[in-house]
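Peer 1: Here is my input; please provide its structure:
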Amino acid sequence: MKLKLTISILVFAMAIYSCKKEAKATIETKTEIETTSESEWITLFDGSSTKGWRAYNGEALPPQWVIKDSTLTFDSELKDLKVEHQGGRDIIYGVEEFDNFELFLEWKIPPGGNTGVFYHLKEGYDNPYEVSPEYQCIDDENYATMHDLVAYNTGLGHPNPELLQPLQQTASDYAMYVADDKVKVLHPAGQWNSTRIIFTPESVEHWLNGKKVLSFVPWSEDWYAKKNNGKWKDFPDYGKFKTGFIGLQDHDSPVWFKNIKIKKL
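Peer 2: Just a heads-up that it's a prediction; the model follows:
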């Protein structure tokens, strides 16, 4: 009886020691991974300061961009594009320019909302879209029912101009490459989505909510064919720069951003 009790105690003690050792190793490994990973990232917005952000072609942050509930918020009432489109309040992270990078952020829009993420953005143009590629962020489901797209899409020669076109939908490289709708998971308006953009000269990847939905080769023959025969054919500097600022778009829609960070590649 004593022998059985002794063996049971020994086995129990060994099990506890093994669990503690395994837990410690897991914590150490996790800490090492987090330290290694996080040390490579540059925080562009941490929820407490707008330091580094300013207007495109400007010196200060437009007053509509504020911090609310730890999010970088464009505080404006949603306007119908057929009535009014003010624009002109796009912002950039003006501390430095980036060439090859991995950018991560989370964003949220209201029903009918619209915004976008610019990269390789240069100043001195009337609008960021004249020069910068854009990761589209929009309410795919409701946008066309809340905004009149007919004139705009007719001018671009799109079929069914009353509809939001695939090249205009979330996670697409706006007016260039379409996000794969078969794997795309877009959370509805009012809910958070996560975006990841990975840029190298060999490949550009668009990710949405943890899924890669698009990849293309920048400045390839296919890329130039799309640029020269689509919306950007009259914008000679579109997409030509290999380094530039990160920007966020004002499209007269309330929008919320958080956890904005970038890693140089």
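Peer 1: List phi and psi for the closest residue to Thr243 other than its chain neighbours.
Peer 2: Nearest non-adjacent residue to Thr243, counting by Cβ to Cβ, 6 or more residues apart in numbering: Asp99, 4.1 Å away. Using the backbone N, CA and C atoms, a C-beta is placed for each residue, glycine as well. Note on Asp99: backbone dihedrals following degrees, to the nearest 10 are phi -100, psi -80.
Peer 1: Next, count neighbours for Leu149.
Peer 2: 20 (other Cβ atoms under 10 Å).
Peer 1: surely it meets Leu164?
Peer 2: Yes - between Leu149 and Leu164 there is a contact under Cβ atoms under 8 Å: 6.7 Å.
Peer 1: Nearest spatial neighbour of Ile197, chain-adjacent residues omitted?
Peer 2: Leu103 (4.5 Å).
Peer 1: Ile246 now?
Peer 2: Ile246 sits nearest to Tyr93 (Cβ to Cβ, 6+ apart), 4.8 Å away.
Peer 1: That neighbour - that's part of a helix, no?
Peer 2: No - going by DSSP: H, G, I helix; E, B strand; the rest coil, the assignment for Tyr93 is strand, not a helix.
Peer 1: any idea where the helices of this structure begin and end?
Peer 2: For the chain, helices defined by DSSP state H occupy the ranges 2-38, 143-146, 150-155, 221-228.
Peer 1: how about the third one: buried residues?
Peer 2: What it means is helix 150-155. Within helix 150-155, the residues that count as buried by 16 or more other Cβ atoms under 10 Å are Asn153.
Peer 1: Contacts for it, please.
Peer 2: Contact partners of helix 150-155, identified using Cβ atoms under 8 Å, 6 or more residues apart in numbering, comprise Asn160, Pro161, Glu162, Leu163, Gln165.
Peer 1: Do you know the pLDDT at the second one?
Peer 2: At Pro161, the predicted lDDT confidence score is 93.
Peer 1: Numbering from 29 from now on, please.
Peer 2: From this message on, residue numbering opens at 29, which makes the last subject Pro189.
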